[in-house]
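Q: predicted structure and sequence below. I'll ask about it afterward.
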Amino acid sequence: MKAFLKNEELFNALNSRYAVKQFEKRDIDTSELEDTVKTILQLTPTSFWLQAYKFINVKDKDTREALKEHSWNQWQITDADMLVVFTVPTDFNKSHIEKHMANMKNIKNMDDEKVNWVTWFMINKIIETWEELWITNFEEWTAKQAYIWLWNLMTSLSILWIDACPLEWLNPKEYNRILKLDEQHLSAKVAIAIWKRHADDKYQDEPKVRFSKEELFIEM
């Protein structure tokens, strides 16, 4: 299969990526950026294909200011063109699987027998024998998925030379309150601020600190 990028192009993009601390400020239409981000997240891999998540695209300036107070007062919350909060369901149950299977049936034109079998299999493996998956609770499991989406989005954006900053240092309880997530049976886990690094952001020229490949890999 022909590669879309040469190795060097990919490595240059990844090496240029960093957690942006200062974004350029602008006030123009962000619809193209938003559509790009939404498409990347829509296509991100997900365990059992379930897509057990919702993404909150926070546009309101006052809401962002409120969230900033519970995000270590990081300026990226208010200064980035786009702020996305990754949330997961707090009431995960078999209805999520049934909804997914209804969507799969519609898209793939699956017959009822196959739909019923796959639905039974997923409910049996995920809901009824969840201990085999080493799951303490389903919110913990879906929260792990958030980092798959975050990783894929950050990598994809770097290839497109769009900057971002992942934001883990947030208070989920306050985010849930401000965004009214509890009533939607959702819980905030991580966020990401997106746009373009400011020319004066001093961190962009710092070298990456990484262990060597020999240190990181164990050959067996």
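A: Perfect, I can see it now.
Q: only C-alpha atoms from now on, for both contacts and neighbour counts.
A: Noted.
Q: what's the longest strand in the protein?
A: strand 186-195 (DSSP state E).
Q: so which other helices or strands are in contact with the helix or strand just after it?
A: Heading C-terminal from strand 186-195, the first helix or strand you meet, by DSSP states H and E, is helix 213-216. Using 3 or more Cα pairs under 8 Å, 6 or more residues apart in numbering; DSSP states H and E, no helix or strand is in contact with helix 213-216.
Q: any idea of the mean pLDDT for helix 213-216?
A: Here helix 213-216 scores 96 as its mean pLDDT.
Q: now do that helix: distance to the chain's middle.
A: On the basis of Cα atoms, centre = their mean, to the nearest Å, helix 213-216 sits 28 Å off its chain's mean C-alpha point.
Q: the longest strand of the chain packs against which elements?
A: So strand 186-195, by 3+ Cα pairs under 8 Å, 6+ apart, packs with strand 82-89, helix 138-159, strand 163-167, helix 172-178.
Q: now with 10 Å?
A: When contacts are defined as 3 or more Cα pairs under 10 Å, 6 or more residues apart in numbering; DSSP states H and E, strand 186-195 sits against helix 31-42, strand 54-57, helix 76-79, strand 82-89, helix 138-159, strand 163-167, helix 172-178.
Q: buried deepest among these, which one?
A: Among the helices and strands packed on strand 186-195, ranked by average contacts under mean count of other Cα atoms under 10 Å, first place goes to helix 76-79 (a mean of 24).
Q: so how far is it off the chain centroid?
A: Taking the mean of its C-alpha atoms, helix 76-79 sits 17 Å from the chain's own mean (Cα atoms, centre = their mean).
Q: go on, stretch 22-36?
A: On Cα atoms, centre = their mean, the centre of stretch 22-36 falls 18 Å from that of its chain.
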